[in-house]
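**Student:** Fold the stuff below for me.
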Amino acid sequence: MSLPLIRYDNVHKSIGDQSILRGVSLSVERGEIFYVLGKSGAGKSVMSRLLVGLLRPDCGSIQFEGDEVTAMSEDALYGLRRRCVLVFQQPLLFDDMTALENVCLPLRRVMGYGMRQAARQARLRMDALGISAREASTLCAQLGVGIKKKLSIARALVMQPDCVILDEPTTGLIRADANLVDEAVRASISDVQCAFFVISHDLVSMRQLATRVAFLDEGRIVHVGAPADLDQASASIVGQFLAHAPINSSSA
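**Tutor:** Reported below is the predicted structural model:
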């Protein structure tokens with residue numbers, strides 16, 4: 001039996017005197033689009049930062065393909081972050097560079113590619129995500145937020161990672177821009193063999209994309225299953241979240 005790509009086992013994390021995660025356990029398989037839902041402040045983003053070693057747990061185990069993340073040195077974590085790429089909620093792009101130059105950046109800085117080689121590989125990924133040649137040649141400062149989020153995903157995927165973590169990818173977007181992001185994820189999963197680990201509270205995107213979903217409440221996983229199973233979840237907090245979450249938009 002193969003190991004899961006990601007495994008959290010009884011993970012606890014406090015920040016100051018506030019307990020954020022209280023015994024989180026779950027696993028994610030390669031090729032999944034795995035959503036973690038929950039209210040703002042439930043601890044979802046802390047989970048993503050723990051996975052790539054930006055934070056350390058107080059106790060518990062976090063494994064990536066069987067390797068213990070909590071025991072990794074900084075050098076080992078640098079290698080992990082090439083295989084498991086975190087895409088932050090706000091697109092971290094350089095506004096004075098074109099979209100293509102931004103996507104080429106990790107290939108040039110990390111892989112040592114020349115601009116021509118990097119541009120060929122970047123354009124393949126951008127084409128797959130529906131980013132036009134006109135958009136590719138446009139300065140990022142002149143692009144809309146939906147396209148910028150697609151560029152962040154393209155820049156992550158160009159390194160051919162095993163996992164992409166999307167932290168609130170559609171929060172604050174109108175539905176039209178959120179759909180652009182959803183389309184990018186859907187296009188990617190069809191031709192890359194990686195997992196998407198999505199931190200969100202967007203029910204529309206979750207129902208369109210997720211293979212499985214976990215619900216985090218007050219630092220604990222209270223439900224894991226297929227998206228269709230959420231409606232039958234026994235935990236009352238899940239029902240309350242479904243009843244009050246936005247339906248037609250992805251606003252925060």
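**Student:** Not counting sequence-adjacent ones, nearest residue to the residue nearest the centre of the chain?
**Tutor:** In the chain, the residue lying closest to the centroid (Cα atoms, centre = their mean) is residue 166, at 1.7 Å. What sits nearest to residue 166 in space, not counting adjacent residues and going by Cβ to Cβ, 6 or more residues apart in numbering, is residue 198, at 4.7 Å. C-beta: built from backbone N, CA, C; applies to glycine.
**Student:** secondary structure class for the residue nearest to the centre of the chain?
**Tutor:** Reducing the assignment to helix, strand or coil with DSSP: H, G, I helix; E, B strand; the rest coil, the entry for residue 166 is strand.
**Student:** For it, list each beta-bridge partner.
**Tutor:** Per DSSP bridges, residues listed as beta-bridge partners of residue 166: residue 87, residue 198.
**Student:** Strands of the chain, residue ranges please.
**Tutor:** Counting by DSSP state E, residue ranges of the strands within the chain are 6-15, 18-28, 33-37, 59-64, 67-68, 84-87, 163-167, 195-200, 212-217, 220-225.
**Student:** got the buried residues for the first one?
**Tutor:** Residues 6, 7, 8, 11, 13 are the ones in strand 6-15 that count as buried (16 or more other Cβ atoms under 10 Å).
**Student:** now for that strand, which elements pack on it?
**Tutor:** strand 18-28, helix 44-51, strand 59-64 (3 or more Cβ pairs under 8 Å, 6 or more residues apart in numbering; DSSP states H and E).
**Student:** coming back round to it: looking at the buried residues of strand 6-15, spot the one nearest residue 25.
**Tutor:** Using Cβ to Cβ, residue 8 is the member of these that lies nearest residue 25, at 5.6 Å.
**Student:** Could you say which of the helices and strands packed on strand 6-15 is packed most deeply?
**Tutor:** By mean neighbour count, with neighbours taken as mean count of other Cβ atoms under 10 Å, helix 44-51 ranks first of the helices and strands packed on strand 6-15 at a mean of 23.
**Student:** Can you add mean pLDDT and distance to residue 193 and give the helices and strands packed on strand 6-15 back as JSON lines?
**Tutor:** As requested, these are exported to JSON lines (pLDDT from 0 to 100; distance: least, Cβ to Cβ, whole Å):
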{"stretch": "strand 18-28", "mean pLDDT": "96", "distance to residue 193": "14"}
{"stretch": "helix 44-51", "mean pLDDT": "95", "distance to residue 193": "19"}
{"stretch": "strand 59-64", "mean pLDDT": "97", "distance to residue 193": "15"}
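**Student:** Which among the ones you listed is found nearest to residue 152?
**Tutor:** Proximity to residue 152, assessed across these by Cβ to Cβ, is greatest for helix 44-51 (14.1 Å).
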